[in-house]
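Chemist: Output the structure for:
(chains A, B, C and D)
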Number of protein chains: 2
Amino acid sequence: MTEDQTVASHRIADDFAAKIETGELSPGTKLPSERTLVTTYGVARNTVQAAMRLLAEAGMVVPHHGRGVYVRTPAPLIRLGSDRYSPKYRESGLSPFKIECERAGKQPRFEVLSIDRTQPPRDIAEQLHVDADGPSVLRLENVFWADDDPVYRVTTYVPWTIAEGTGLVEPEVPHPYGIHGVLEDQGYPMARLHDVATARMPTLAEKAALRLPAGVPVIDLLHVSVRADGEPYEATRFVMRADMSSLTYDVPVE
Amino acid sequence: MTEDQTVASHRIADDFAAKIETGELSPGTKLPSERTLVTTYGVARNTVQAAMRLLAEAGMVVPHHGRGVYVRTPAPLIRLGSDRYSPKYRESGLSPFKIECERAGKQPRFEVLSIDRTQPPRDIAEQLHVDADGPSVLRLENVFWADDDPVYRVTTYVPWTIAEGTGLVEPEVPHPYGIHGVLEDQGYPMARLHDVATARMPTLAEKAALRLPAGVPVIDLLHVSVRADGEPYEATRFVMRADMSSLTYDVPVE
DNA sequence: GAGTGGTCTAGACCACCTA
DNA sequence: AGGTGGTCTAGACCACTCC
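Modeler: As a prediction, the model looks like this:
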């Protein structure tokens, strides 16, 4: 990488970074043990660990307690597309997440954490044009799993005026087309979607909830569903582990 | 956060994480010096540093050499929208990046790193339907700055058959509407865009090029421009510092 | 039990910033 | 000059994994 002369831990990290980038060390390969590197580089173990930490933070290696440090194996990407709410999925009966999991050779699983009426966060209230100081929304919290990895932490908000008395509140009778099927029955077909995506490091809580290894950021996506008349009627925040997720948008230029 | 009892560095990190999340320590506040924390917590300085590192990796604090450790101040977001190629910007003569920088109170700057004919990366070649084993594309490398911060590292690829002999190769005469103005004149107006976005930690090279502090991931966006007949004619990879960038898509559901 | 990474100590010197 | 973070040493013990 950069020819970092002086700092020993950087030099060691650059050495391995170069070997990994050129493919000399392929994914899944075990690095020499820290105590081995201590002798080969003639430095203290802390220094070797600092080097390993740099590589781990860059997402290039994953340390396994008691086993060794390994070159990270890229995870297959689960794509979340701009067509995810398209009517075309109605006919097949398959959800985009299911399709993507199968493509990646993984078993999809959907977990409901909670369904309740509550006060929305300020940004959600603003997007949905509802009261930020009262229980103005129905909130649904879910987790999407691929095999044994939690991939998305998803929180959906629907104005209580829309959700009240619908199948959204009673999850025992699932709608065949999910939340958006129910909303469509209520007179809210989706005409446009409004997505805002950023990326950041996980909070300590998210890191635990999504079981994230070091060096893995999250994609933070705020989605708003809009009816043909311009009324926003549903907002969802996706917190996605970035090493297993991508967003795709195939859209017209207007 | 989680009540981590045993590990001293985690306990210290959790202490400060809680104070930052509740707002007891507001952005810009200076934390006590490491040597102070050594005495208040009764641990070695390495342990305090491990705690600070955990917070820095989570993007909560930023250490400044010789000055102290500070609670991170959120940077204003530069938005990159799905309308960024919209004809509507032609009339105003303003680029979306300029508009966003002004909104954020920053001075935009555009730097050309290189323009050359070269061999495309494999994924680009695939997207553009060109030869991956020859100099089949024109490559333009640029950096977008907001004040003194490099925000995007942008690499654009145009099939040589399209770019040859056009104003793209001769940058001395800039087209009023930029690259896409030239391409439109060549018979390539954009009908659709195809974006694929992921997030990851920067490589060591990117970390240096974008001057990224610890705990800041990058958004890696691959954009492909498509003509009305479905022909892809331009691909661009954006590497964006995530703490200053967001992607917005306001699009119809098809 | 042997080998691995995870954490910690108690020092030391260096590089940078402010005054 | 004095305070700050950045790096390093040479040890130590713990927790986990594999045989």
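Chemist: So which residues of the stretch 151-254 of chain A form helices?
Modeler: A:160-163, A:178-185, A:204-209 (DSSP state H, counting those that start in this stretch).
Chemist: let me fix that: the stretch 1-150 of chain A
Modeler: Ranges of helices in the stretch 1-150 of chain A, per DSSP H, counting those that start in this stretch, are A:8-22, A:34-41, A:45-57, A:88-92, A:96-103, A:122-128.
Chemist: Nearest to B:L210, out of those?
Modeler: Proximity to B:L210 (Cβ to Cβ) singles out helix A:45-57 among these, at 15.3 Å. Quick note: C-beta positions are derived from backbone N, CA and C, even for glycine.
Chemist: Report the buried residues of that closest one.
Modeler: Across helix A:45-57, burial judged by 16 or more other Cβ atoms under 10 Å in any protein chain shown covers A:47-57.
Chemist: want to throw those residues into a markdown table with pLDDT and distance to DNA strand C?
Modeler: Shown next, in a markdown table, are these (pLDDT from 0 to 100; distance: Cβ to the nearest atom of the strand, whole Å):
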| residue | pLDDT | distance to DNA strand C |
| --- | --- | --- |
| A:T47 | 97 | 10 |
| A:V48 | 97 | 8 |
| A:Q49 | 96 | 5 |
| A:A50 | 96 | 10 |
| A:A51 | 96 | 11 |
| A:M52 | 97 | 6 |
| A:R53 | 95 | 8 |
| A:L54 | 94 | 12 |
| A:L55 | 95 | 11 |
| A:A56 | 95 | 8 |
| A:E57 | 92 | 12 |
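Chemist: gap between the residue in the stretch 101-250 of chain A positioned nearest to DNA strand C and B:P27?
Modeler: Per Cβ to the nearest atom of the strand, A:A214 is where the stretch 101-250 of chain A lies closest to DNA strand C, at 8.2 Å. For A:A214, the distance to B:P27 (Cβ to Cβ, to the nearest Å) stands at 24 Å.
Chemist: Nearest to chain B, out of the helices of the stretch 151-254 of chain A?
Modeler: The closest of the helices of the stretch 151-254 of chain A to chain B is helix A:204-209. By Cβ to the nearest Cβ, the value is 4.5 Å.
Chemist: what's next to the closest one, contact-wise?
Modeler: Contacts with helix A:204-209, where a contact means Cβ atoms under 8 Å, 6 or more residues apart in numbering or on different chains, come from A:150, A:153, A:212, A:218, A:239, B:1-2, B:13-14, B:17, B:58.
Chemist: interface residues of chain A facing DNA strand D?
Modeler: Proximity of chain A to DNA strand D (Cβ under 7 Å from any atom of the strand) is limited to residues A:7-10, A:42-47, A:50, A:64-67.
Chemist: one more time with 10 Å
Modeler: Residues of chain A lying near DNA strand D by Cβ under 10 Å from any atom of the strand: A:4, A:6-13, A:34-35, A:38, A:41-51, A:53-54, A:64-68.
Chemist: Most proximal residue of the stretch 1-150 of chain A with respect to DNA strand D?
Modeler: Residue nearest to DNA strand D within the stretch 1-150 of chain A (Cβ to the nearest atom of the strand): A:G66, separated by 2.5 Å.
Chemist: Now do the phi/psi pair for that residue.
Modeler: When read as degrees, to the nearest 10, the backbone of A:G66 gives phi 80, psi -10.
Chemist: how many neighbours does it have?
Modeler: Neighbour count of A:G66, defined by other Cβ atoms under 10 Å in any protein chain shown: 5.
Chemist: Same check on A:E141?
Modeler: When neighbours are counted by other Cβ under 10 Å, A:E141 comes out with 15.
Chemist: Burial check on the closest residue to it other than its chain neighbours, number of neighbours?
Modeler: Excluding its sequence neighbours, the residue lying closest to A:E141 (Cβ to Cβ, 6 or more residues apart in numbering or on different chains) is A:L113, at 3.9 Å. A:L113 has 12 neighbouring residues, counting by other Cβ under 10 Å.
Chemist: can you list the domains in chain A?
Modeler: Chain A breaks down into these domains under automatic domain parsing: A:3-71, A:78-248.
Chemist: Tell me the gap between the first one and the middle of its chain.
Modeler: Read that as domain A:3-71. 27 Å (Cα atoms, centre = their mean, to the nearest Å).
Chemist: same deal with the last one?
Modeler: A distance of 11 Å separates the centroid of the chain from that of domain A:78-248, by Cα atoms, centre = their mean.
Chemist: for the record, mean pLDDT for it?
Modeler: Domain A:78-248 comes out with an average pLDDT of 90.
Chemist: rewinding a little: the residue nearest to A:E141 reaches A:V143, doesn't it?
Modeler: Yes. Applying Cβ atoms under 8 Å, one finds A:L113 in contact with A:V143, separated by 6.2 Å.
Chemist: near DNA strand C, which residues of chain A show up?
Modeler: So chain A meets DNA strand C at A:6-7, A:30-38, A:44-46, A:48-50, A:52-53, A:56, A:61-70, A:213-214 (Cβ under 10 Å from any atom of the strand).
Chemist: switch to 6 Å and redo it
Modeler: Within chain A, the positions adjacent to DNA strand C are A:33-35, A:46, A:49, A:63, A:65-66, A:68-69 by Cβ under 6 Å from any atom of the strand.
Chemist: of those residues, list those near chain B.
Modeler: Residues of those in contact with chain B (Cβ under 8 Å from any Cβ of the partner chain): A:N46.
Chemist: and the closest residue to A:A228 other than its chain neighbours, how many neighbours?
Modeler: Excluding its sequence neighbours, the residue lying closest to A:A228 (Cβ to Cβ, 6+ apart) is A:A191, at 3.9 Å. For A:A191, the neighbour count with other Cβ under 10 Å is 14.
Chemist: got a list of what A:A191 touches?
Modeler: A:A191 touches A:226-228, B:252-253, counting by Cβ under 8 Å, 6+ apart.
Chemist: Can you flag the buried ones in those?
Modeler: For the contacts of A:A191, a burial check counting by 16+ other Cβ under 10 Å picks out A:226-227, B:253.
Chemist: my guess is A:E234 meets A:V158, correct?
Modeler: Yes. Taking contacts as Cβ under 8 Å, A:E234 lies within contact range of A:V158: 5.2 Å.
Chemist: The nearest residue in space to A:R153 that is not next to it in sequence pairs with what?
Modeler: Spatially, and ignoring its direct neighbours in sequence, A:R153 is nearest to A:V239 (4.3 Å; Cβ to Cβ, 6+ apart). For A:V239, the beta-bridge partners under DSSP bridges are A:R153, A:D220.
Chemist: residues contacting A:H64?
Modeler: Contact partners of A:H64, counting by Cβ under 8 Å, 6+ apart, are A:Y70.
Chemist: Of the domains of chain A, flag the one that's most buried.
Modeler: domain A:78-248 (a mean of 18; mean count of other Cβ atoms under 10 Å in any protein chain shown).
Chemist: Figure out the length between the terminal residues of that domain.
Modeler: Start to finish, the residues bounding domain A:78-248 are 10 Å apart (Cα to Cα, to the nearest Å).
Chemist: for stretch A:57-66, same thing?
Modeler: Using Cα to Cα, one end of stretch A:57-66 lies 19 Å from the other.
Chemist: thinking again about what came up before, got any residues that touch both of A:E234 and A:V158?
Modeler: Taking Cβ under 8 Å, 6+ apart as the contact rule, A:E234 and A:V158 both touch A:179, A:183.
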